[in-house]
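>>> I would like the atomic coordinates for the input below:
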Amino acid sequence: MYVRERMARNLGLGNIGEAFFRDWFRQSVSSPSLTLSQFGYNPEGIIVGEEKVKLLKSLARSPDYCLFKTSDIETDAEKPLLGISVNQQSKGYTMWEARFPPACYTCDRRAQQQCYEKKISNAWFNKYNIDNDYKGFRELFQTDVIMVTLVLRWANSVYQKVKDANLGDALLQFIQDGNPQSSDSVAKTVDIVTREQRRSKEKPSRKYELKWLLYSDVVSGKVPKSVAGAPVSRGQPRKVICVNLEDTRNESELVRYLQNLEA
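Numbering: from 1, shown residues only. Prediction:
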């Protein structure tokens, strides 16, 4: 489990990633025939212990966003075309970040030596989401989920700026409605979230990477994977699905994939 401060930080960083993806979709896909709808669980405040467990079990199983045909909204044909899970990392991980098994000594991908030497880096996805949330979503709506990984090297500094400016509510509002001009506070928040990327030409180290996978490819074994353990404040490590970033798809492929859903 995480202590309260670590939980607040993790939730805040997750919201930074979701807001960045929302703005990326608005600018990169930019299709009036497709509507991106916030669908996931973004708690306000911190929920701990049994209260959190009960709440999570009561929620509809879902990824962070769903994609709909705009013309189907509020009609009998309304149904998600796709689920979208957004994961944020500050870097690609290796076995040196893993806690279970210790240093990944039983890696199923047979990449132990390369990972040990930091010649490859990995994306991590919460195993609980893979085994439960996305599975339930796929069974309910008979459609796939894309698992997006954003490598945002500057996310920590942006999170701190949003926190210091008391813009957490504005950040959630943008995640939910996608309108960067809905209020002055939302506009200010979106500017903070996207500013570092606009500066990336001057400071290449402060760029982003966008990688993605189809959930069906992960669970079917088409994409090699293993199980590792992410660090927590105390208790047993949080189990994650570990995938080599070289086995993921790139940003331009995602734009084409989403635009093809218009047909």
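>>> what score does the residue lying closest to Gln173 once chain neighbours are set aside have for pLDDT?
Nearest residue to Gln173, sequence neighbours excluded (CB to CB, 6 or more residues apart in numbering): Val186, at 5.5 Å. Just so you know, the C-beta spots here come from the backbone N, C-alpha and C atoms, and that holds for glycine as well. For Val186, the pLDDT comes out at 95.
>>> pop out the phi and psi values for the spatially most distant residue from the centre of the chain.
In terms of distance from the mean C-alpha position of the chain, Asp76 ranks first, at 29.5 Å (CA atoms, centre = their mean). Backbone torsions of Asp76, given as degrees, to the nearest 10, read phi -70, psi -20.
>>> got the contact list for the helix or strand containing the residue nearest to Gln173?
Taking DSSP states H and E as the definition, Val186 sits inside helix 184-198. Residues outside helix 184-198 that contact it (CB atoms under 8 Å, 6 or more residues apart in numbering): 16, 19-20, 23, 154, 157-158, 161-162, 165, 167, 169-171, 173-174, 179-181, 206-208.
>>> the residue nearest to Lys79 when sequence neighbours are not counted and Phe39: what is the separation?
Computed as CB to CB, 6+ apart, the closest residue to Lys79 that is not its neighbour in sequence is Phe141, at 6.3 Å. Distance of Phe141 to Phe39, given as CB to CB, to the nearest Å: 11 Å.
>>> ok, Tyr159 next?
Taking CB to CB, one finds Tyr159 at 22 Å from Phe39.
>>> comparing those two, which shows the higher neighbour count?
Remark: of Tyr159 and Phe39, Tyr159 carries more neighbours, 26 against 18, as counted by other CB atoms under 10 Å.
>>> my read: the more buried one touches Gly17, true?
No - Tyr159 lies out of contact with Gly17 (CB atoms under 8 Å); the separation is 9.9 Å.
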